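Enquirer: kindly return the folded structure for what I paste below:
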Amino acid sequence: MSGPEVPLGEGERLLVSFPADRRTYWRDHAWLAALAMALGMGVLWAIGNPHVWTGAIGGLAAVAVRAFYLASEEAEARWDLTNRRLLGPDGRSVHLSDIERTRTLGSAVQVITRGGDKHLLKYQADRDATRQRIERAIAGGRG
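Expert: Now for the predicted structure:
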């Protein structure tokens, strides 16, 4: 897709786009798989199962199936920052004046609105730069 999903208003201009980063997506899933493998083995060890190693296989399989199933959808996700709004997948639109705060969670940037809605810009290659650009736009600076 070349432009935002949501039509821009009169005088509204696109400042920057935040696409999901494939490399970050796979790196995050590798860490998630390692955690799931350790957790699976730990649970089996705690209950006295003599085949602790199967926990690693189960954890890896669960994360791998999820990762491959969602890869094409997650890799296409993109957020667009304009001088007025943050526009996301599936027609999401958040006015900059409605954003109460932002924070980072892993490789994602979470945007929290004054109404309590939460949006995740997932798999950002440089989450801190993404957050800073959004905060500069909220403050009235250039994206």
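Enquirer: residue most distant from the centroid, the protein?
Expert: Pro50 (37.9 Å; C-alpha atoms, centre = their mean).
Enquirer: and that residue, how far is that from Gly58?
Expert: According to C-beta to C-beta, to the nearest Å, Pro50 stands 15 Å off from Gly58. Any C-beta I mention is one placed from the backbone N, CA and C, and that applies to glycine too.
Enquirer: repeat that for Glu76.
Expert: From Glu76 across to Gly58, the span is 29 Å (C-beta to C-beta).
Enquirer: neighbour count for those two, which is higher?
Expert: Taking neighbours as other C-beta atoms under 10 Å, Glu76 and Gly58 compare with Gly58 leading, 17 against 11.
Enquirer: after the lowest-mean-pLDDT helix or strand in the chain, which helix or strand is next?
Expert: Here the helix or strand of the chain ranked lowest by mean pLDDT, DSSP states H and E is helix 53-76, holding a mean of 90. As assigned by DSSP states H and E, the chain's next helix or strand after helix 53-76 is strand 78-82.
Enquirer: list the buried residues for the helix or strand hosting Ala36?
Expert: Element membership for Ala36 (DSSP H and E) is helix 22-46. Using 16 or more other C-beta atoms under 10 Å as the test for burial, helix 22-46 gives 24-25, 28-29, 32-33, 36-37, 40-41, 44.
Enquirer: now stretch 50-60
Expert: Neighbour counts using 16+ other C-beta under 10 Å place 52, 55-56, 58-59 of stretch 50-60 among the buried residues.
Enquirer: that older thread, packing partners for the helix holding Ala36?
Expert: Other elements packing on helix 22-46 under the criterion 3 or more C-beta pairs under 8 Å, 6 or more residues apart in numbering; DSSP states H and E are helix 53-76.
Enquirer: got the contact list for the helix it packs on?
Expert: For helix 53-76, contacts defined as C-beta atoms under 8 Å, 6 or more residues apart in numbering pick out 1, 20, 22, 25-26, 29, 32-33, 35-45, 49, 89, 122-123.
Enquirer: show me the domain layout of this structure.
Expert: Using automatic domain parsing, the domains assigned to the chain come out as 22-75, 78-138.
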